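In: Can you look at this prediction? I've put the sequence above it.
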Amino acid sequence: MKAAVLVFPGSNREGDVAQAIELVTGRKPQMVWHGDGDFEKTDLIVVPGGFSYGDYLRCGAMAAQSPVMVEVRKRAAQGVPVLAICNGFQIVTEAGLLPGTLMRNAHLKFVCSDVHLKVETSQSLFTNRYQAGQVIRVPVAHAEGNYFADEETLKRLDDRGQIAFRYCAPDGTVDGTGNPNGSIRNIAGVFNETKTVMGLMPHPENAVEPMFGGCDGKALFEGLVEALT
Amino acid sequence: MSGPHMSGKGVGLEKSPPVKLPNEPTITPQIVAEHGLSPEEYQRVLAIMGRTPTMVELGIFSAMWSEHCSYKSSKVWLKKLPTKAPWVIQGPGENAGVIDIGDGQAAIFKMESHNHPSYIEPYQGAATGVGGILRDVFTMGARPVANLNALRFGDPAHPKTRHLVSGVVAGIGGYGNCMGIPTVGGETNFHAAYNGNILVNAMTVGVAPTDRIFYAAAAGVGNPLVYVGSKTGRDGIHGATMASTEFNEDSEEKRPMVQVGDPFVEKLLLQACLELMATDAIVAIQDMGAAGLTSSSFEMAAKGGLGVIVELDKVPMRETGMNPYELMLSESQERMLIVLKPGREELARKIFEKWELDFAVIGHLTDTERMVLSWHGDIVGNIPIPPLVTEAPVYERPWTLTPLPAVLDAAKVPAPKDWRASLLALMSCPDLASKAWIWHQYDHLIMGNTAIRPQDGDAALVRVNGGHKGLAMTSDCTPRYVQAHPETGGRQAVAEAWRNITAVGAKPLAVTDNMNFGNPQKPEIMGQFAGAIMGMAEACKVLDFPVVSGNVSLYNETEGRPILPTPTIGAVGVIDDIAKSVGSRLTQAGLGIVLIGETAGWLGQSLYLREACGREEGAPPPVDLAVERRNGDFVRSQIIMGRVEACHDVSDGGLVVALAEMSIAGGTGMEIGPPAGNAVPSHAFFYGEDQARYVIASGSADDVIEAAEAVGVPAVLLGYSGGASLVVKGLLSLPLSDIKTAHEVWLPGYMSATE
């Protein structure tokens, strides 16, 4: 699997996700500068976490207008898979690749903590190594991860199986206790209609080694390798 | 560049008297006083200059001779600290200290205060504190790998405390999170003595190859002086002078002196500097911190024994109408000064332009040993550099040592009427209550190298990229001990930091000190400083734990009331194989719970005495450094041998608090009791704060105890882990859930209350 990781001014988890990709594929992904609209063809595009352009206007809003995102939109339309994490999730929703929006956390504070996620489906490039209903533990680190979409959109997402992950309690119960940011219906990650684009707030790339937060995120990358190699 | 300033030698310039700018005021005694210079100090200025200084020159003297920049009251004492060891690459005097951690790698670290600004404007004050210390570390070529923060706030009941906690924590998080550097550790205390002067001490640890370390000493006459980063604005003018005076009721009017941080720009600056550092273009580099362009250009030239010409009109400016005085004294953030090798300007310019940062050649080095400032072709300042350094005031201020208070007899301290209530009260008191509300607002996981997270061990542990090695780090000080007896308190602060590094299995290597004290012009305050230094020096010597960097913050007083003396110790250690490290969480049943070290039942200055009895008295627990070293070396050896599953030092709150912390962190209870033949009264045994003690949980407790006896280390089996309660035979039985709740609810509850 050849992967490209985008780098915007202010990105800061591009190294973490590059490290996770290298761990499962044995090779370093290509790092693509935000001004580079003409990067090499790859099997996967990763939009990493961070504070692109300082998050000064609205998280992800400026990055969504960068030259590289014009190209990402084009390639996504051709079916190239896109994994968008945290600030990346914010960027792709601003770019119109995924429905919904990420608002300020309900408690108004940045939160860095392990959370539990219920895998909603194993039927995707990103989740094929998980079982539907499985509970995994991965960290979040964000101030604007409060997912919101209108009722009509939520119903469509539900009907078409476009919810990837929901926040839950350690036993899998989906209620307010496991929700770190107030996301509507505990939504932590969503797909586009073709399930080739996935955005999520949590950081699977920070859960790939036993001594460093556990390994529950590793299967996501392994599943991608399996599907895209 | 063109004109007379091209002359590498600056011939003629040093003779030209500066011109007076339009609207420049005449220097009066009042203006001198407003610049924080005493009449005697101003006489020195006149003697050095041989004439009346211009305003910008006066401003430069004021900044360079401020307590903050000159260490004039503390210098004579700081010299007493040991600073050398075979693994020390760079001790105090540079932007940060550097130690060898093996495999051609160095750890670069420093702690610095941002106390005064954080009280006036908590978010920006704390944020720029983090930004400043990050720059100090990456200036030297290091990639920052971790941040820590030592915070002291006033009484929780004081009307400003909640606002200050909220702002400081948000500011630290706002800056560190955006920079993408994990904030992995620290400490937070509350005491009424900090009501008018909070402490915000920020520490950064970075890693660099030992052969790629950058220093501040300028070299090469004619080499270009380059300004990079943000533009200069009017913020933070005279910040260093503000940080060198006491507060009074008008202090909040100083808000405009506080700088404003932009972590996004600093992130770009970090990336750009690291990119430039990978080339061979840099001769010297220095961040613009306190006193901005003044101290950075001055220090670079002074350290290199050279002169410098600064063309101030070339400095990138954020607003129009700025004058030389403002440019030299602004503390605008996210700026660096670099001396480049000749001909490397375009290479460097390209890098900074790629990162959308300002880049300007603003002058060059000369051999005149003078700082010459020009402004649109006119000379507006001309100061000889060596005398400003050598003739800088140094004060041997009168000092009175704090006498050792009478030792408190444990028998005269009442035992708790209700053991359960007393333990729950201690676990929920502001100093011991969980600080999760704070560190959950800090990204402590970014970079994927955090092996021991906040609250999971006595020190944070961060993997060094691409290997098995880990850096352990901690910050420690027990201000109530220092207040009671500064020498003991200084010794204890160093010993506790050493112990915390040891408790995760790492070898303690070096410290950075952040000395926070009151007004040094009072003999009893200067005595606290002197005493603390004496204690620290002795501990650093015995423990082979040299001081490699540090910072002094004096005048932490409001309306004459000083803070508790707080010499914060930041420490770094190394463990070769991170897989051998241990945390303090008790996660397995059936382990032997072993107490290492002697328990005499020392209740003087204990938290039990303060929280349960409402008394802050007695002598603090003595620190026997030889015993400290012996016990710690033993514990570390047992950890590395793989005999230890969890380890926690015994500190604030004593033994039973340490046990409760281990149990609730790991979700496993224990049943323990005092050892057979114990003659110490129970409340002193369990709440005493005797030093050099650790609790370890081991599957081979008998072997550990046998090994301890062989080397003369006291070790006793207290009981075994298991169950869901903390059971102290004959005294108390508490479900862990009750202890956990008591421990965790206080801070979130306090912060969400609305008076």
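Out: The structure has been received and is ready for your questions.

In: Which positions in chain A make contact with chain B?
Out: Of all the residues in chain A, those in contact range of chain B (C-beta under 8 Å from any C-beta of the partner chain) are A:9-10, A:12-13, A:15-16, A:19-20, A:50-51, A:53-56, A:109-113, A:139, A:141, A:143, A:203, A:205-206, A:208-209, A:211-213. Quick note: C-beta positions are derived from backbone N, CA and C, even for glycine.

In: Just the buried ones from those?
Out: Using 16 or more other C-beta atoms under 10 Å in any protein chain shown as the burial test, the residues of chain A next to chain B include A:9-10, A:12-13, A:15-16, A:19-20, A:50-51, A:53-55, A:109-112, A:139, A:141, A:143, A:203, A:205-206, A:208-209, A:211-213 as buried.

In: Mind checking which of those are in strands?
Out: A:111-112, A:139, A:141 (DSSP state E).

In: List the buried residues in stretch A:171-190.
Out: Along stretch A:171-190, these residues count as buried under the neighbour rule (16+ other C-beta under 10 Å): A:174, A:178-184, A:186-190.

In: The ones in strands among the buried ones among the residues of chain A next to chain B: which two are farthest apart?
Out: By the measure C-beta to C-beta, A:Val111 and A:Pro139 form the most distant pair in those, at 9.8 Å.

In: Quick check: neighbours shared by those two?
Out: Residues touching both A:Val111 and A:Pro139 by C-beta atoms under 8 Å, 6 or more residues apart in numbering or on different chains: none at all.

In: give me the low-pLDDT residue ranges for chain B?
Out: For chain B, applying pLDDT under 70 flags the ranges B:1-16, B:238-245, B:247-257, B:755.

In: That one against chain A: which residues are in contact?
Out: Close to chain A, as judged by C-beta under 8 Å from any C-beta, chain B has residues B:170, B:173-174, B:177-180, B:262-265, B:267-268, B:355-356, B:439-451, B:463, B:578-579.

In: Drop anything exposed from those residues.
Out: Neighbour counting by 16+ other C-beta under 10 Å classes B:170, B:173-174, B:177-180, B:262-265, B:267-268, B:355, B:439-451, B:463, B:578 among the residues of chain B next to chain A as buried.

In: Let me know how buried the nearest residue to B:Gly601 once chain neighbours are set aside is, in neighbour terms.
Out: Nearest non-adjacent residue to B:Gly601, counting by C-beta to C-beta, 6 or more residues apart in numbering or on different chains: B:Ala684, 2.8 Å away. For B:Ala684, the count of nearby residues is 23 (other C-beta atoms under 10 Å in any protein chain shown).

In: got a list of what residue 132 touches?
Out: Just so you know, I chose chain A. Listed by C-beta under 8 Å, 6+ apart, the contact set of A:Ala132 reads A:119-123.

In: I was thinking of chain B, sorry if that wasn't clear
Out: Contacts for B:Gly132 (C-beta under 8 Å, 6+ apart) come out as B:112, B:114, B:202, B:287, B:289-290, B:333.

In: In strands, which of these fall?
Out: Within those, residues falling in strands by DSSP E are B:112, B:202, B:287.

In: Let's have those residues in JSON lines, adding neighbour count.
Out: Shown next, in JSON lines, are the ones in strands among the contacts of B:Gly132 (neighbours: other C-beta atoms under 10 Å in any protein chain shown):
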{"residue": "B:Glu112", "neighbour count": "25"}
{"residue": "B:Ala202", "neighbour count": "34"}
{"residue": "B:Asp287", "neighbour count": "27"}
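
In: Cool, thanks, talk later.
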